[in-house]
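K.L.:
Below is the structure, and that's it, no one-letter string:
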C-alpha cells in the first residue's frame, strides 16, 4: 500500500479535522486586537508607522482605526506615567519581535494594494493570526522531535496530539491569537531541543541559539526566565556534579557566547525603559500589580473555578502522574521537576493568580513542551500495561479531550466565562449549549436554585415603599402610573432598599430568602466587569456575615417570558425592557436573632437604571 493507516496517522487526521471544524465555526471571526494581545502588538505600529513611543497612548484620528483600539491605547500604561512624564507600554516588546516578520508582510501588502496601512486593519489582524498558528505548529513539531528521541514515534505522536486537543493550547492557537503564550510554547520546545544538542557535542551555533532562545523567553515574560534551570540541570552523565564541572571546563567559551546571546534580546527592553523613564530596569506594571512570593495562591491557580489550570485542563493530571516516573525522563530527570515546582510557585504568586483574559490558566501554556515529557512517560507506561489499564486510560483521555473542546466551544459563544465562573455552573454547561435563567443565577451566586413549588412562605413579603417625592427628580411615574425610582448616570448606590430582621416571628425558621425586584436598564453598552447588581447582605451590627449579588442586566424580562432562540446569555444585556429579576439564597448557617437582612441595588457601572420594586420574602 502507498499509504498505510497507522494509529498515529489516524490520531493526527482526527486532530486536523477537529481543528479545522473549530476554527471554521468558532475561531475564524474572533477578534484578536484587544487586551494583552494588543498591548504586545502596539510596539510594531509605534516603531514602524507612527514613531510615537513617547505618546503611545495617542493614535491618529484620521487613519481609519477603530474607536475600540483608540480606547485601549489610552489605557495601555495602566493609567500610569513614568518619572519623565511619559506613558509606557506596560508590556514587554518580546511578542512583537516574534510577530514582526508577519507584520512586515501585512504592511507591504497594504502599501502595495493601496490599503489603509494603519497597523490595525484586517490585514494586520490576519497576520497576527497566521503568526500564532505558525509558532503553534512549529512548537508541536519540535516537541514531537524531542519526544521521539526517547519514547518512539507512536507515543510521541499521541502525546503531541493530546497537547493540542486536550489543553488550552487549542484555544490560544485557534481562537485567541496574539497572546504571548503560543510563541513561548514554541520557544520552550526549541530550548529543550537545543539543550540536548549542546550536551551531545553541539557546535558554537547551538550554544548561541540556546542563549538567544532563553533570552527571548525571559524578555517576553520575565518569570519564565526560570527556563535557564533546564539546560543548567540537564544530566549529561554521572556523577552529576563532576560531569557538569567538566562540561563547563571544556565549553567555557561557548557558554560565554550563550550568555552574550541571552542578553541580546533583553538589552533593547532595558534601553526602552532607560529612554522613557531614566531607569534601565523599571516596573511598568506599577505598584498595584506584582508578585507576592511569600504567599502564592497555588491551590486557587491549579484548581479554582476561575481559570484553575487542572479544572479547565484535566489532561495535565496525566502529566503530573508522569512526573512520578522520573527515570523515564532520562537526562531531564532533575531539570523538569525542579523547574516546574519553581515555575508553579512563581506564576501563582502573581496578584491575579487566575490570569484573566483567556481560557484556563494561560501561563501554563508556555511550558506544555516541558510537560510533554512526563505526559509521554505516562503514555509509554500505559502502553506496557494490561488491556484493562489501557481501556481505563483511554476512557479518561477521551473525557479530558472532550472537556477541553466543549469548554472552548462554550467560551467562544459566551456560554461560559472562565475567569469568573463557578464549579456547578461549568459542570452544567458541559451538557447544554445555552444557559437558562436559573443557570444565570447559578453563575452569579454559585447557588443552585430550588423548586419554588416545594417551598412555603412564612410571612407576607417585605417590600420597599416607593412614593413620588415632590421636587425629587429621581421619583417618577411610569406609563401605568406606578412609582419608579430612577438612578441617573454617575450614581453608584440607590437609597432605595428593603430590610428585615430575624427577630420577626418565624425568622430563625427561614430556610430560603427570595430576593426580587423590577428594573429597566437603558444603556446598550456595558463593561462585562461592571453590571448593575441586586445585592443581599446579612448584617450583624456593622459586620457583613454573608453577601450575594446577581447581575440585573442579563435577566430583566426573562422570568415573565422564558428565553427562546438564545435570548439568555451571560453577556446578552437586555436594555430597554422592564422586567422582574429574582433569586433564592439559603439563610446562612449561624444566622442569629437580631441579624439584619438588607436588599439593595449596587450600580457599579454608574449608568441609568429604573427600580420599580424591591422585595424580600422568607420560605421554609
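P.N.:
The structure has been received and is ready for your questions. Since the model is a prediction, treat every value here as computed from it, not as a measurement.

K.L.:
Can you name the element that comes right after the helix or strand of the chain with the lowest mean pLDDT?
P.N.:
Ranking every helix and strand in the chain by mean pLDDT, DSSP states H and E puts strand 475-477 at the bottom, with a mean of 78. Going down the chain from strand 475-477, the next helix or strand is strand 483-487, by DSSP states H and E.

K.L.:
Beyond that following strand, next helix or strand please.
P.N.:
Following strand 483-487 toward the C-terminus (DSSP H and E): strand 493-501.

K.L.:
Now do the helix or strand following that next one: which elements does it pack against?
P.N.:
Once the chain leaves strand 493-501, the next helix or strand it forms, by DSSP H and E, is strand 512-521. Judged by 3 or more Cβ pairs under 8 Å, 6 or more residues apart in numbering; DSSP states H and E, the packing partners of strand 512-521 are strand 532-540, strand 578-586, strand 596-603, strand 609-619. Where you see a C-beta, it was placed from the backbone N, CA and C, and this is true even at glycine.

K.L.:
Which one of those strands lies nearest to residue 391?
P.N.:
strand 578-586 (41.8 Å; Cβ to Cβ).

K.L.:
Can you give me the buried ones in that closest one?
P.N.:
578, 579, 580, 581, 582, 583, 584, 585 (16 or more other Cβ atoms under 10 Å).

K.L.:
Neighbouring strands of it in the sheet, and parallel or not?
P.N.:
Paired with strand 578-586 in the same sheet, following DSSP bridges, are strand 512-521 (antiparallel).

K.L.:
Mean confidence (pLDDT) on the partner strand, please.
P.N.:
In this model, strand 512-521 has an average pLDDT of 90.

K.L.:
In the stretch 451-600 of the chain, where is pLDDT below threshold?
P.N.:
459, 467-471, 478-480, 503-509, 524-527, 562-567 (pLDDT under 70).

K.L.:
can you do 80?
P.N.:
For the stretch 451-600 of the chain, applying pLDDT under 80 flags the ranges 457-461, 465-473, 476-482, 501-510, 522-530, 561-568, 573-576, 588-590.

K.L.:
coming back round to it: Serialize the helices and strands packed on strand 512-521 to a markdown table and add fields for distance to residue 461.
P.N.:
Listed next are the helices and strands packed on strand 512-521 as a markdown table, based on distance: least, Cβ to Cβ, whole Å:
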| stretch | distance to residue 461 |
| --- | --- |
| strand 532-540 | 14 |
| strand 578-586 | 11 |
| strand 596-603 | 11 |
| strand 609-619 | 4 |
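
K.L.:
from the chain's centre, how far out does stretch 595-607 sit?
P.N.:
28 Å (Cα atoms, centre = their mean, to the nearest Å).

K.L.:
List the buried residues of it.
P.N.:
595, 597, 598, 599, 600, 601, 603, 604, 605, 607.

K.L.:
rewinding a little: packing partners for the least confident helix or strand of the chain?
P.N.:
The helices and strands touching strand 475-477, judged by 3+ Cβ pairs under 8 Å, 6+ apart, are strand 483-487.

K.L.:
Show me what the strand it packs on is in contact with.
P.N.:
Defining contact as Cβ atoms under 8 Å, 6 or more residues apart in numbering, one finds that strand 483-487 is touched by 466-468, 473-478, 494, 496, 520, 601, 603, 608-612.

K.L.:
Quickly note the distance from residue 477 to residue 608.
P.N.:
For residue 477, the distance to residue 608 (Cβ to Cβ, to the nearest Å) stands at 17 Å.

K.L.:
Neighbour count for these two, which is higher?
P.N.:
Between residue 477 and residue 608, counted using other Cβ atoms under 10 Å, the more crowded position is residue 608 (18 against 10).

K.L.:
my read: that one touches residue 521, true?
P.N.:
Yes. Applying Cβ atoms under 8 Å as the test, residue 608 and residue 521 come out as touching, 7.5 Å apart.

K.L.:
returning to that earlier point: just the buried ones from the contacts of strand 483-487, in ChimeraX syntax?
P.N.:
In ChimeraX, this line selects whichever of the contacts of strand 483-487 come out buried by 16+ other Cβ under 10 Å:
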select :466,474,475,494,496,520,601,603,608,609,610,611,612
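
K.L.:
Tabulate the buried residues of strand 578-586 (CSV), appending distance to residue 20.
P.N.:
Below are these laid out as CSV (distance: Cβ to Cβ, whole Å):
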residue, distance to residue 20
578, 45
579, 42
580, 44
581, 41
582, 44
583, 41
584, 44
585, 45
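
K.L.:
From residue 487, how far out is the residue lying closest to residue 366 once chain neighbours are set aside?
P.N.:
Leaving aside its sequence neighbours, residue 366 sits nearest to residue 184 (Cβ to Cβ, 6 or more residues apart in numbering; 4.0 Å). Residue 184 sits 45 Å away from residue 487 when distances are taken as Cβ to Cβ.

K.L.:
between those two, who's got more neighbours?
P.N.:
residue 184 (27 against 21).

K.L.:
Please consider this matter closed, and thank you.
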